[in-house]
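1. with the input below, show me the fold.
(2 chains)
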Amino acid sequence: MPEIIVLAMACAILLADLFFKRRFKSLMYWASQATLGMAAIAAAMHSSAHSRIVMHGMMIADRLSTVLEVSIFALTAVVFVYSKAYIAERGIFKSEYFVLALLGVVGMCVMVSAAHFLSLYLGLELLSLCLYAMLALQRDSISATESAMKYFVLAALSSGLLLYGMSMLYGATGSLEISKVAAILATLSRHNLVATLGLVFVLSGLAFKLGAVPFHMWIPDVYEGAPTSVTLYIGAAPKVAAFALFLRLLVAGLHGLSGSWQDMLILLSVLSMALGNIVAIAQTNLKRMLAYSAISHMGFLLLGILSARTSGYADAMFYALVYAFMTLGAFGVIILMSRKGFEAEQLDDLRGLHQRSPWYAFVMLLFMFSMAGVPPTLGFYAKLAVIQAIVSAGFYGLAVSAVLFSVIGAFYYLRVVKLMYFDAPQDSHALRGSRDLRWVLSLNGVAMIALVPWVGTFIAVCRATVHGLP
Amino acid sequence: MMATAMGFYKQAALTLAIWLPIVCGMVILGVGRRWPKSVRPLAAIGSVLTFIVTIPLWALFHAQRSVMQFRERVAWIPAFHVNYALGVDGISLPLVLLTSLIGIIVVIAGWQVIKDRVPEYFAAFLIMEGLMIGVFCALDALLFYVFWEAMLIPMFLIIGIWGGPNRVYATIKFFLYTFLGSVLMLVALLYLYFQAGESFNILSYYHLHLGETAQILIFLAFLIAFAVKIPMWPVHTWLPDAHVEAPTGGSVVLAALMLKMGAYGFLRFSLPIVPLASHVLAGFMITLSLIAVVYIGLVALVQEDMKKLIAYSSIAHMGFVTLGIFLFNRFAMDGAIVQMISHGFVSAALFLCVGVLYDRVHSREISAYGGVVNRMPVFAAFMMLFAMANSGLPGTSGFVGEFLVILGAFKVNIWYAFLAATTLVSGAAYTLWMYKRVIFGPVTKPAVAALSDISPRETSFLLVLSMAVLALGIWPFPLLHMMNATIHHLLWRPGVRLMAGAP
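-> This next block holds a predicted model:
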């Protein structure tokens, strides 16, 4: 099991750090990367077409868990590449960063392969605990500490909601095992009050983890306050894991209540798209803007889920993965522009980037147009997929509102392009960055357009992955 | 040997025409910084090769047949049944040829003028050329949409980087306007996708039987997308801004090619897919077109800025195109397409003329000039021809299109014809009045006194365009012949034919 490898290696790295002290710093980095690589190979080798319930009904091993685990490993590996130089310059290049991130990865893996409310909750809490600590890693930074505090209070509250909802579902069905809950719910009447109430709480907890309006308050503050390397980590893989929670809990577990959660998700989705896109226009801080953009993207992601069709889940999964790589890239550019003693986090810091570095301006342009959903970038196909899903489910009005919000959203992405290409630079420092950061970032950017001919393959993989879901 | 080469060409011609300029643009982006000297020759080679690739299309095209020719088809996104499907018929082929010809002219026009970020400039134009050919060739609705939207990115950068003082406002307005128009089209396409049993094949949409409400909604969704691009009154306001601020090459591409995409959309999508709605809303469309012809013609009269004047004149001329399309008869439809091609030449030429003056004097104000003929006689002669063509003088291409549309309007309603014919007065008034103020009169401005006549480079593209304008005006038969069968087929399609008045 890949989780075991990651867990064991995380402990080993922690111990090794005690013995080697500060002499082999880059060893920690390479050991973490190797861990992720090994775990990915292990996950791929253990994959099977049939789903198996293991560990006394606690975990499930199926295509979905394999694919999502591998993507979580890949995303985290990219995060490590991007953040290596950044954390070294800010004095948080410690083994703790890697150990916490790896333990968070374990949490995420448990989340995506949970077959039981308890294991699901455990995975979620493991991830959250690691995130609290990572946010506060830069001890002397007031904003980082503040964001850690905020995140801690709100995440604890939302976990409470989730747990409360689970307990209600337990009351209604008498089981904590997701498959059993689903089977029993199917026999209950559609208007079982306890189950519906439980659903409301569970959904609030899930929406918080995803960052959908009205449970989005933490996102802008945490994104802005955290060191960019940590924002990078929070913004990518945990979104994929949260998406997996939706599939495991709502789709696999509470399919009997799909009518109710569809209505709730429509509301969450429209609100997220509206608020995310409109408020992002007013931001002057790049990280905050990307935070609001994340909120709106989660609204789009929910569209795929709320179609309540298997193909829609595949579309949402495609969206989640494309989004995760886009957001990594956008934060990667921020990291590239930052240097020791200077955080490039205002929109104005992007001014004239094209004159300072045409290539990275182009890379950022690809990310921005991809996020705005302009063809031919990958982001367009992701949006197309989810909108196609809701049109097939008959939600025409929702489809129209989604595309209109994407037009509103296009404005602030265009503004970034405008700043980079049309304005004169204020800052004449050359962009520095380690060679691996530059290479991976370039690859990440070019992928936004170069992978387009293979969109069909990706969607086919996603479809095969969610095949077993109801 | 010859046969296999021919067979290969027939299967790959459109792909080549689309991707050759795009790849060339990418290469320029890649090498342009290291070898700045190679940029202009590479751009010239790319555009000329594209033109060469498209010429045999004309020779090998079977004008008697209305079906799609040079078809290609490869599965692309099987999950959504999207194919990379291309083909041309009598409506799209002239536009493809126009695009590849204008492509060369744009490259020549920017040859010496552009000094800032040269590789990016030529790359953007070449990529855009390929994308536009893609729009005209796509037979798959999603592929069409991708090309249609992808074009916004290079155009956004062209206006924003190389444009005039107010360029940022203009380019963001341009992008958001057209983006807003197109996203609703996407929803309509997705609706059609499910109605046609999960297919994005445009031709399969022609056989759908849709209810009247659905047809009208789809028509409106398409209308927003196409009307913004054309642009029709009242969604035309982005065009003067974009034109005025764009560099000369950008204006040429906008006027000569991008505006045609909207009209092409009506012919490829609205008319055949939702014929009933097209008939129901024809009166509405005709009204909008006539407002564009009459009102925008008057607006053009009072412009002080040459580029703005030509931009408004473009809107008025495109009003003629939409008028011709929605009259549903043979003359008007022929006239609409001839007008599209003719306007492609004439507006391109006029923008190039303004560009020639702007490069020397750095002003677009009409009042900054006067007496240019004394210093630039050859240029004045060329511009005379294009001004005449713009006002619809017989013997130039401008006359053929306008005459056919007015003729078609007569068959439907004499008042339509009357209102449309006012353009002959207003068009002549605004164009020739501008010409008089700029070219004739005594030389009073020092900037004009210092002018020198056009260079061989400038002569070359003006000469090519003037020959095209005259050829199309004197002998339009080859063009009419090329599109004859396709238009006949379109108008005799069940549903389209419904309208009174035989085609």
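
2. distance of residue B:73 from residue B:232?
-> Counting by CB to CB, to the nearest Å, the gap from residue B:73 to residue B:232 is 33 Å. (Glycine included, C-beta is placed from N, CA and C.)

3. so the two - more neighbours on which side?
-> residue B:232 (24 against 13; other CB atoms under 10 Å in any protein chain shown).

4. run a quick neighbour tally on the nearest residue to that one once chain neighbours are set aside.
-> Spatial nearest neighbour of residue B:232, excluding adjacent residues (CB to CB, 6 or more residues apart in numbering or on different chains): residue B:288 at 5.2 Å. Here the number of neighbours of residue B:288 (other CB under 10 Å) works out to 22.

5. so residue B:288 sits right up against residue B:230, yeah?
-> No - when contacts are counted by CB atoms under 8 Å, residue B:288 is not listed as touching residue B:230 (9.9 Å).

6. test my guess that residue A:366 contacts residue A:449.
-> Yes - at 5.9 Å, residue A:366 counts as touching residue A:449 under the criterion of CB under 8 Å.

7. got the residues of the stretch 151-300 of chain B near chain A?
-> B:152-153, B:156-157, B:160-161, B:167-168, B:171-172, B:175-176, B:179-180, B:183-184, B:186-187, B:190-191, B:193-194 (CB under 8 Å from any CB of the partner chain).

8. so how do I select the buried members of the residues you listed in PyMOL?
-> Burial among these is assessed by 16 or more other CB atoms under 10 Å in any protein chain shown; the matching PyMOL selection reads:
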select buried, chain B and resi 152+153+156+157+160+161+167+168+171+172+175+176+179+180+183+184+186+187+190+191+193
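
9. tell me the contacts of residue 116?
-> By default, I'm working from chain A. By CB atoms under 8 Å, 6 or more residues apart in numbering or on different chains, the contact set of residue A:116 is A:57, A:58, A:59, A:176, A:177, A:178.

10. wrong chain, I was asking about chain B
-> Under the criterion of CB under 8 Å, 6+ apart, the neighbours of residue B:116 are B:161, B:162.

11. and the one 5 residues further on, by the same measure?
-> For residue B:121, the set of contacting residues under the criterion of CB under 8 Å, 6+ apart consists of B:110, B:114, B:158, B:161, B:162, B:247, B:249.

12. return the item of those residues having minimum pLDDT.
-> Taken together, these show their lowest pLDDT at residue B:114, with 75.

13. which helix or strand contains residue 317?
-> In the absence of a named chain, this looks at chain A. In this assignment (DSSP states H and E), residue A:317 forms part of helix A:310-337.

14. try again with chain B
-> helix B:306-325.

15. could you look up the SS state of residue B:71?
-> strand (DSSP: H, G, I helix; E, B strand; the rest coil).

16. now it. Nearest residue, chain neighbours left out?
-> Nearest one to residue B:71, counting by CB to CB, 6+ apart, is residue B:87 at 4.1 Å.

17. so that neighbour is in contact with residue B:139, correct?
-> Yes - using CB under 8 Å, residue B:87 is in contact with residue B:139, at 4.8 Å.

18. show me which of these two is the more surrounded one.
-> Neighbour tally, residue B:87 and residue B:139, criterion other CB under 10 Å: the higher count belongs to residue B:139, 25 against 19.

19. please report how far residue A:176 lies from chain B.
-> Distance of residue A:176 to chain B, given as CB to the nearest CB, to the nearest Å: 35 Å.

20. that residue reaches residue A:163, doesn't it?
-> No - judged on CB under 8 Å, residue A:176 makes no contact with residue A:163 at a distance of 11.4 Å.

21. in the longest helix along chain A, what's buried?
-> Longest helix of chain A, by residue count under DSSP state H: helix A:142-173. For helix A:142-173, burial by neighbour count (16+ other CB under 10 Å) applies to A:144-148, A:150-152, A:154-155, A:158-159, A:161-166, A:168-169, A:172-173.

22. could you pull out the strands for the stretch 1-150 of chain A?
-> Here the stretch 1-150 of chain A has its strands, by DSSP state E, counting those that start in this stretch, at A:52-54, A:59-61.

23. most packed of those strands?
-> Sort the strands of the stretch 1-150 of chain A by mean neighbour count, taking mean count of other CB atoms under 10 Å in any protein chain shown, and strand A:59-61 sits at the top with a mean of 22.

24. any idea of the mean pLDDT for the longest helix seen in chain B?
-> Counting by DSSP H, the longest helix found in chain B is helix B:330-361. The pLDDT scores in helix B:330-361 average 88.

25. quick check: next helix or strand after it?
-> Heading C-terminal from helix B:330-361 (DSSP H and E), you reach helix B:372-375.

26. show me which residues of the helix or strand just after that following helix are buried.
-> The first helix or strand that comes after helix B:372-375 along the chain, using DSSP H and E, is helix B:377-390. Neighbour-count burial for helix B:377-390 flags B:379, B:380, B:382, B:383, B:385, B:386, B:387, B:388, B:389, B:390 (criterion: 16+ other CB under 10 Å).

27. likewise for stretch A:343-359?
-> For stretch A:343-359, the buried set under the neighbour-count rule, 16+ other CB under 10 Å, comprises A:343-345, A:347, A:349-354, A:356-358.

28. rounded mean pLDDT for the helix holding residue A:317, please.
-> 91.

29. check stretch A:229-238 too.
-> Here stretch A:229-238 scores 90 as its mean pLDDT.

30. again with stretch A:7-20
-> Rounded mean pLDDT across stretch A:7-20 is 81.

31. how about stretch A:358-365?
-> If you average the pLDDT over stretch A:358-365, you get 89.

32. tell me if that stretch is near chain B.
-> Yes - interface with chain B: stretch A:358-365 contributes residue A:358 (CB under 8 Å from any CB).

33. and for that stretch, what's in contact with it?
-> A:329-330, A:333, A:336, A:350, A:353-354, A:416-417, A:420-421, A:431, A:441-442, A:444-446, B:33, B:120.

34. just the element for residue 428, please.
-> The chain I'm using is chain A. Here residue A:428 is covered by no helix or strand, with elements defined by DSSP H and E.

35. wrong one, I was asking about chain B
-> helix B:414-439.
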